[in-house]
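> One predicted model, sequence on top.
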Amino acid sequence: GLPARVRIHEVGARDGLQNEQGVVPTEVKAEFVRRLAEAGLTTVEATSFVHPKWVPQLADAEQLFPLVSGLDGVRLPVLVPNERGLDRALALGARDVAVFASATESFARANLNRTVDEALAMFAPVVTRAVEHGLSVRGYLSMCFGDPWEGPVPVEQVVAVCRRLRDLGCDELSLGDTIGVATPGHVTRLLTALGEAGIPATALAVHFHDTYGQALANTLAALQHGVTTVDASAGGLGGCPYAKSATGNLATEDLVWMLHGLGIDTGVDLGRLTATSVWLAGQLGRPSPSRTVRALGGA
Ligand code: HMG
Ligand code: MG
C-alpha cells in the first residue's frame, strides 16, 4: 500500500542553486528559503559548507544561514564534506547536517577528490562529532543506479556503501540517482536488496533527477516499497556541477501534484509553492522546467 503522509526534503536552495551558471544574490536565496517554508515545506536544505572554489554558487553559506535559521518549525540541513565543513556549520548553530558519499570511484574522485574509502574515512569523524552534538546526520549516496563514466552500477555495490554509511552512524540515507537514469524496476530491485541487507525503507529517502522523465515513476515505486521521505527541488531546479549529464531534480510541484492526487498528505500548499518557483524563475531569467509549474503558474 501507499503511505498516508510523505515528508518532502526540499533541495532547491542547495542542489538547485549550486548548479546555476551565475551566483544568485544571498538575499534572493534567503527569500527563496523563507517562501519555501511558508509554502509548508518542513525540511529545506539550505546550503553547503564545502570548499568555495569547488562550489562558488554556495560560497555565501556564512552569510545566508543566519538569515534563515530563525524559521519556526523548519529544519535546515546543510552539506558538510569534512570536519572543516562541520566546524563552519556548528559555528552557525546548524542542527541537521549531511555527508555525501558515492557508490562509484569515478564520482568520488570528481566530487570529493577522494577514493570511496578515503571519502568514508573523511566522513567518519564528521558523523561521530555531529552525533555527539545531537545533530541529525543524513548520508547521501550518489550514483546509486548509473554513473556517467562507469555505466550501470551493480546493486550489491550500492548496498555495500549504504551499510558503511549506516555503520558510521547516519540516521537517514538518501539514494541518489544523480544522472537520472533509474527506472522503476531498478528502484524496486535496489530497495529489495537493501531490505535483505537489513536496511529498512523507513531509514531511506529517494533522490531522483528527471533526466529521462522517470523521476515520478521511480518515486511511486519507492513509495510502494515503504519509503516515506522524498527529495525534490522547487521548480525542478538543479543538476550537479561534478556530473555533467545530471539535469534537473524531480520538481517539488510535480511530486506534490502526484501525492495529493493519490490522497497522500504533504503539508504543502501547492499554490504558494508554484508562486515561489514562478518568482524564482523571474529572478533567474528563465522559465521553470516543471510541467506542473507551467500548468498552474502561467509561466
Ligand atoms: P580538496 O581540494 O581535496 O581539499 O577538496 P583538501 O582537504 O585537500 O583541502 C584543501 C584546502 O581546502 C585547504 O585550504 C582546506 O582548508 C580547504 P588550504 O589549507 O589549502 O588553504 N577546505 C575547505 N574550506 C572551506 N570549507 C571546507 C573545506 N574543506 C577543505 N569544507 C573537498 C576536498 C571535499 C573539500 C572538496 O572536494 C569539496 O568541497 N567538494 C564538494 C563538492 C560538492 O559540493 N558537490 C556537490 C554536492 S554533492 C551532490 O550534489 C549530489 C547530491 O545532490 C545527491 C545526488 O544527486 O547524487 C547530494
Ligand atoms: Mg542531487
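Thanks, I have it. Ligands and ions are numbered 1, 2, ... in the order given.

> In this structure, what residue lies closest to ligand 1?
Closest to ligand 1 within the chain is Gly176: 2.6 Å, counting by C-beta to the nearest ligand atom. Heads up, the C-betas are built off the backbone N, CA and C, glycines and all.

> Next, count neighbours for that residue.
Residues lying near Gly176 (other C-beta atoms under 10 Å) number 30.

> Correct me if wrong: it contacts His207.
Yes. The criterion here is C-beta atoms under 8 Å, and Gly176 meets it with His207 at 4.4 Å.

> Please enumerate the shared neighbours of these two.
Residues touching both Gly176 and His207 (C-beta atoms under 8 Å, 6 or more residues apart in numbering) are Tyr140.

> Could you look up the SS state of the residue of the chain closest to ligand 1?
The three-state assignment at Gly176 reads strand, by DSSP: H, G, I helix; E, B strand; the rest coil.

> now the strands for the stretch 151-299 of the chain?
In the stretch 151-299 of the chain, the segments counted as strands under DSSP state E, counting those that start in this stretch are 151-152, 172-177, 204-208, 229-232.

> Just checking: what are the partner strands of the first one?
Its sheet considered, strand 151-152 pairs with strand 146-147 (antiparallel) by DSSP bridges.

> who touches the partner strand?
The contact list for strand 146-147 (C-beta under 8 Å, 6+ apart) reads 103-104, 106-107, 152-153, 177-179, 181-182.

> likewise stretch 48-64?
14, 17-20, 23-24, 26, 29-30, 33, 46-47, 78-81, 84-86, 88-89, 92, 241.

> Repeat that for stretch 264-282.
2-8, 12, 28, 32, 35-36, 38-42, 223, 234-235, 237, 251-253, 256-257, 259-260, 287-288, 290, 292-293, 296-299.

> Of the residues you listed, grab the buried ones for PyMOL.
Filtering the contacts of stretch 264-282 down to the buried ones (16 or more other C-beta atoms under 10 Å) takes a single PyMOL command:
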select buried, resi 3+6+8+12+32+35+36+39+40+41+42+223+234+235+237+251+252+253+256+257+259+288+290+292+293+296+297+299
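
> picking up where we left off before, report the contact partners of the residue of the chain closest to ligand 1.
With contact set as C-beta under 8 Å, 6+ apart, Gly176 has these partners: 140-144, 207.

> Wasn't Val137 part of a strand?
Yes. If the criterion is three-state DSSP, then Val137 is within a strand.

> Which strand residues bridge it?
Val97.

> Repeat that for the one 4 residues further on.
Beta-bridge partners of Leu141, counted by DSSP bridges, are Ala101, Leu175.

> quick one: it and Ser102 touch, right?
Yes. Here Leu141 reaches Ser102: they are 7.1 Å apart, a contact under C-beta under 8 Å.

> list residues touching both of those two?
Common contact partners of Leu141 and Ser102 (C-beta under 8 Å, 6+ apart): Val161.

> Make TSV out of the strands of the stretch 151-299 of the chain and add mean pLDDT.
Shown next, in TSV, are the strands of the stretch 151-299 of the chain (pLDDT from 0 to 100):
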stretch	mean pLDDT
strand 151-152	98
strand 172-177	98
strand 204-208	98
strand 229-232	98
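
> Identify the residues contacting Leu220.
Neighbours of Leu220 in contact, by C-beta under 8 Å, 6+ apart: 184, 258.

> can you rerun that using 10 Å?
Contacts here follow C-beta atoms under 10 Å, 6 or more residues apart in numbering; on that basis Leu220 touches 2, 184, 187, 258-259, 262.

> Of those residues, just say which sits nearest to Asp117.
Closest approach between the contacts of Leu220 and Asp117, by C-beta to C-beta: Val187, at 26.7 Å.

> Quick one: buried ones out of the contacts of strand 146-147?
Those of the contacts of strand 146-147 that meet the buried threshold are 103-104, 107, 153, 177-179, 181-182, by 16+ other C-beta under 10 Å.

> quick one: which of those residues sit in helices?
Phe107 (DSSP state H).

> Just flag the most distant two among the buried ones among the contacts of strand 146-147.
Phe107 and Ala182 (15.1 Å).

> what helices or strands is the helix ranked longest in the chain leaning on?
If you go by DSSP H, the chain has its longest helix at helix 116-132. Packing partners of helix 116-132 (3 or more C-beta pairs under 10 Å, 6 or more residues apart in numbering; DSSP states H and E): helix 83-91, strand 96-102, helix 105-112, strand 136-142, helix 155-168.

> quick one, which of Leu141 and Ser102 is more surrounded?
Neighbours per residue, other C-beta under 10 Å: of Leu141 and Ser102, the larger number sits with Ser102, 29 against 23.
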